[in-house]
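# one predicted model, sequence on top.
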Amino acid sequence: MPLFALMLLAAACGGISKPQGYAEPQLDGDTLYVSINAGKIAAVNASDFSVIWEFPGDDKFACGDANESGHDLRAIYGAPVIDDERVYFGAYDGNVYAVNAEDGSCEWESHKATDSTVQCQDREPDGPIVGGMVLLDGMLYFGSDDGQLYGIDADTGAVHTCRDVEGAVWSTPLLVDKTLYVATMKGAVWAVDASDEGDPQPKPGFRTFRSNEGLLTDPILAGDKILVGGIGQKLYAIDAENGEIAWEFAGSNWFWGRPVVEGDTAYATNLDGKVYAVNIETGAAAWTNNSFEAPEAIRAGALLSDGVIVVVDRGGNIYSLDRDDGAVLKKSASIIEKRVLANPIEFDGDVLVLTEKGDLYRVEPAGDEPPKRVEVTKP
Amino acid sequence: MSPMTALSFIVVLAFITLIFVNGFSPTFNLLLINPLINALIILDRVVGGNFGLAIILFTVLLRVATLPLTMNQYRSMKNMQAAQPVIQELQKKYKDPRRRQEEMTKVYREFGINPLGCLAPMLIQFGVFAALYRALAYTVGGNPESLVGLSQRLYDWSFLREGIPLDQQFLWLDLGKPDGTLILPVLVFITTYVQQKVSQTPNPNPQQAQQQQMMTWMMPLVITSFMLNLASGVGVYWVISNLFSLFQSYYVYGREFDWRKILPITLPPTEPGKGSAARRRPGPAPSTGPAIPEGSGLDDETNGEEPPAAPQDKARTPHGKRRGKRKNRR
């Protein structure tokens, strides 16, 4: 019995982690939209870091004309999308929410369309929403864990279009002109024409790219290629027109952070703790003799700021790297001492880092100052 | 000490040494959690991407692999039961604890009892239980953060990576979350209770019998209360493991169940030859485990109702060969 108790204690010490979310903060004018509590999003005044509102304020709330009901958004992973009136985001509870940008009241929650003229009637997301969204012509497009690419009316929240992409989507679709590139956890990259509200058709001439392992990074455009990587430990360059693979670059663990492109080089973080610089034309490594390796996995994407590459590993170590050779210019090791999975963002010449627990840190990309914690004040 | 017991002690000793050298968490990860995670994913791929089936297959394979250890445990338990009357005599006879212990050691040797014989299977059972709990947190943790952790534990083999992310759904269960329907916790309770009841051997000591009786209830209750908050995958492991134990008891060791005794209520006795206790499993006695002599007091069915036979008679079956050799040597 004591042995049994000990074993259970050992097991209980580690518990199954609850989803926390790693939504990339978004700066819109003088307001920062950031998830400082799991499953909530806050509008923060960027000048004094006072919270303007936080949604949801309570477990029970009403969206639009609907009755008040209990909600648990659980976590927010995708970056919020902001327009003039609303803040849109997908939550881990499988719903998309539109919140009034001024006061944080819920304007709508995604729902089935009752209009028989829409392409995707009586359907709504049936799985967590992990990736972000893109806004095009009054429609919000996003992928869900249920293997569908959805288009919902940004004014009402009604689902208008859906398309089976045969695999969960954990990344933000890439919008190029009116084509959506969607990467799935089944290893495929789809190109879908989103030019009208009809049945989203595959882009003519684009043959769906398929790899054997899940794709995690947000697809990005690099010249005429789409860059995407994932569990297969490879970064792929796919021709944006026809879906043919141009090259692949191997890391030693999964690619998850969104790559960033500067000139003819893409910088991609990897869960092996390294940053890879890859020539986007050839797929060859741009840095030679680079020995940088963070002590922890790097989930967050790299950020180009003030001419340097800034990366943050899961352990909260912040590094500034020379973009030409990857040499470490600045290291703020173990100062944050918190888990970081969210992409860092540029903020008034500095870099803003959001930890898993919702703390914000501000760091100069190239200066000598150590990271400073930002005190977010609540009303 | 049998070679199997010696081996299990070496394994446990090596584990403890590694803990001291390496720290608890890295050792636990290196030796248990990481291999378990990768084994589960391999099985998931083998069974076509059904993680629930992978857990079941894993449980069965583990139980088959540890069969020699559990067989030793069962034998030791049986012999211990056979030695009970002698032990009680000794307890009455010798008041000096040291002398009593010496005599007890002799009896243990005579009956082929290893008091620590049950330790290795228990260690494995609970070690796997704890490791499985942690492994499930990474494999079907149910959120993207757990995948970041999984990436650091997965062996560098594309066959494994192709199975990620794992399907969390199995029957009505989300394997990464506690079962909200409470069906699984109920199954855990029932199977643990029945397994406890079936593996119980009658204890002539009233105090110990009372403790045993209490444990029959306490153990399932404790396990079930934990299961209410644990990932369903752990519950699946536990239920299948219990079912395997029942199967093992019945088919491997030839135990016969009196289902009336498993029920927590007292039912009127059935006529001789009609009750399940009276039914005998058709076919020859299994060769893998020792047969239980009629009326030996080792059958669950007797449960202390029949007087125990002489210890020599009872001990003969499990250790007959060895004792015979000893006689020849003499």
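Right, received. Where do you want to start? Numbers count the residues shown, from 1 in each chain, chains lettered A, B, ... in the order given.
# contact residues of chain B facing chain A?
Listed as neighbours of chain A in chain B under the rule C-beta under 8 Å from any C-beta of the partner chain: B:28, B:122-123, B:126-127, B:129-130, B:133-134, B:136-137, B:141-146, B:148, B:151-152, B:156, B:158, B:161-162, B:164-165, B:176-177, B:215, B:222, B:226, B:230-231. (Each C-beta comes from the backbone N, C-alpha and C, glycine too.)
# tell me which element B:M219 falls in.
In the assignment (DSSP states H and E), B:M219 maps to helix B:206-227.
# show me what the helix or strand following that helix is packed against.
The helix or strand immediately downstream of helix B:206-227 is helix B:232-247, counting by DSSP H and E. For helix B:232-247, the packing partners by 3 or more C-beta pairs under 8 Å, 6 or more residues apart in numbering or on different chains; DSSP states H and E come out as helix B:51-65, helix B:119-139, strand B:173-174, helix B:183-199, helix B:206-227.
# most tightly surrounded among the ones you listed?
Comparing those on average neighbours per residue, with mean count of other C-beta atoms under 10 Å in any protein chain shown, the densest one is helix B:119-139 at a mean of 23.
# and that one, what does it pack against?
Applying 3+ C-beta pairs under 8 Å, 6+ apart, one finds that helix B:119-139 contacts helix A:2-14, helix B:3-22, helix B:34-46, helix B:51-65, helix B:67-93, helix B:144-151, helix B:232-247.
# so how far is chain B from the most centrally placed residue in chain A?
Centroid check for chain A by C-alpha atoms, centre = their mean gives A:G78 as the closest residue, at 4.3 Å. Using C-beta to the nearest C-beta, to the nearest Å, A:G78 is found at 11 Å from chain B.
# that residue touches A:V134, doesn't it?
No. The criterion here is C-beta atoms under 8 Å, and A:G78 misses it with A:V134 at 10.3 Å.
# who touches both of these two?
Taking C-beta atoms under 8 Å, 6 or more residues apart in numbering or on different chains as the criterion, A:G78 and A:V134 both touch A:142, A:172.
# low-confidence ranges, the stretch 51-200 of chain B, go.
For the stretch 51-200 of chain B, the stretches flagged by pLDDT under 70 are B:115-121, B:142.
# B:L154 in helix, strand or coil?
Taken by DSSP: H, G, I helix; E, B strand; the rest coil, the conformation at B:L154 corresponds to coil.
# quick check: closest non-adjacent residue to it.
What sits nearest to B:L154 in space, not counting adjacent residues and going by C-beta to C-beta, 6 or more residues apart in numbering or on different chains, is B:L160, at 5.5 Å.
# contacts only, for that neighbour.
By C-beta under 8 Å, 6+ apart, the neighbours of B:L160 are B:38, B:41-42, B:45, B:154.
# who wins for most neighbours among the residues you listed?
Greatest neighbour count in those, by other C-beta atoms under 10 Å in any protein chain shown, goes to B:I41: 27 neighbours.
# correct me if wrong: that one contacts B:Y138.
No. Counting by C-beta under 8 Å, B:I41 stays clear of B:Y138, with 10.0 Å between them.
# A:V340 sits in which helix or strand?
Under DSSP H and E, no helix or strand contains A:V340.
# equivalent analysis for A:Y181, please.
Secondary-structure assignment from DSSP H and E places A:Y181 in strand A:179-183.
# for that strand, packing partners?
strand A:174-176, strand A:188-193.
# run the chain-centre distance for that strand.
Relative to the chain's own centre, strand A:179-183 is displaced by 15 Å; criterion: C-alpha atoms, centre = their mean, to the nearest Å.
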